[in-house]
Structures are given as structure tokens and as C-alpha cells.
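Visitor: heads up, no residue letters with this:
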């Protein structure tokens, strides 16, 4: 952000910060998936799985798919904006 002078760092560093932020969000979104696998098991058995945890795992997997697709794009935008800002300041 502008108060912490984030864009004063190098484009490479800001791109890596964005990638780490995406990785952290993926880890948090993966918690319902891990809970579903822990409660229901990774394979189908004779008993029906818990619907709530299965639904939350499905939503978590969809979120992980979208986040993992958008994070590298946003990291590239961050690095590009940082490069443009450095050229304007010179």
C-alpha cells in the first residue's frame, strides 16, 4: 500500500510478495478440503459422506482453482505497475 511504501521496492520483490499472498490464501482456502478428507476419508465407502463438509470442500477447491489461476497474472500486473512507477519517477 502507499503508506508502507510497498511500491518503492523492486518489481521482483513486489511480484514475489503477491505470489506469497496468493499462496497464503490458497492454504487458508484448503482448510475445508483437509477437514473433509479427515472426516469422510479420501475414498468412497458404504457410508454416505457428510454433505456440509463435502460442499465446503467443493467450494474450497473451486476457490483454489480460481486463485491459482489469477495470482500469477496479478503478480505480473504488480511488477508492471512497479516498473512503470519507477520509470515515471526518474
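Guide: Received it, and whenever you're ready, just let me know what you need. Because the structure is a prediction, the values reported are computed rather than measured.

Visitor: Please name every helix or strand in contact with the helix or strand hosting residue 38.
Guide: Residue 38 is part of helix 31-40, with elements assigned from DSSP states H and E. Where contact means 3 or more CB pairs under 8 Å, 6 or more residues apart in numbering; DSSP states H and E, helix 31-40 is packed against helix 51-89. For glycine as for every other residue, the C-beta is placed from the backbone atoms N, C-alpha and C.

Visitor: and the gap between residue 40 and residue 56?
Guide: According to CB to CB, to the nearest Å, residue 40 and residue 56 sit 11 Å apart.

Visitor: How about residue 76?
Guide: 31 Å.

Visitor: How about the residue nearest the centre of the chain, nearest residue that isn't a chain neighbour?
Guide: Centroid check for the chain by CA atoms, centre = their mean gives residue 22 as the closest residue, at 3.0 Å. Nearest residue to residue 22, sequence neighbours excluded (CB to CB, 6 or more residues apart in numbering): residue 71, at 3.0 Å.

Visitor: excluding its backbone neighbours, what's nearest residue 74?
Guide: That would be residue 18: by CB to CB, 6+ apart, it lies 5.7 Å from residue 74.

Visitor: and the helix or strand where that neighbour lies with helix 51-89, angle?
Guide: Assigned by DSSP H and E, residue 18 belongs to helix 11-29. Put simply, helix 11-29 runs at 170 degrees to helix 51-89, going by axes from the mean of the first three to the mean of the last three CA atoms, to 10 degrees.
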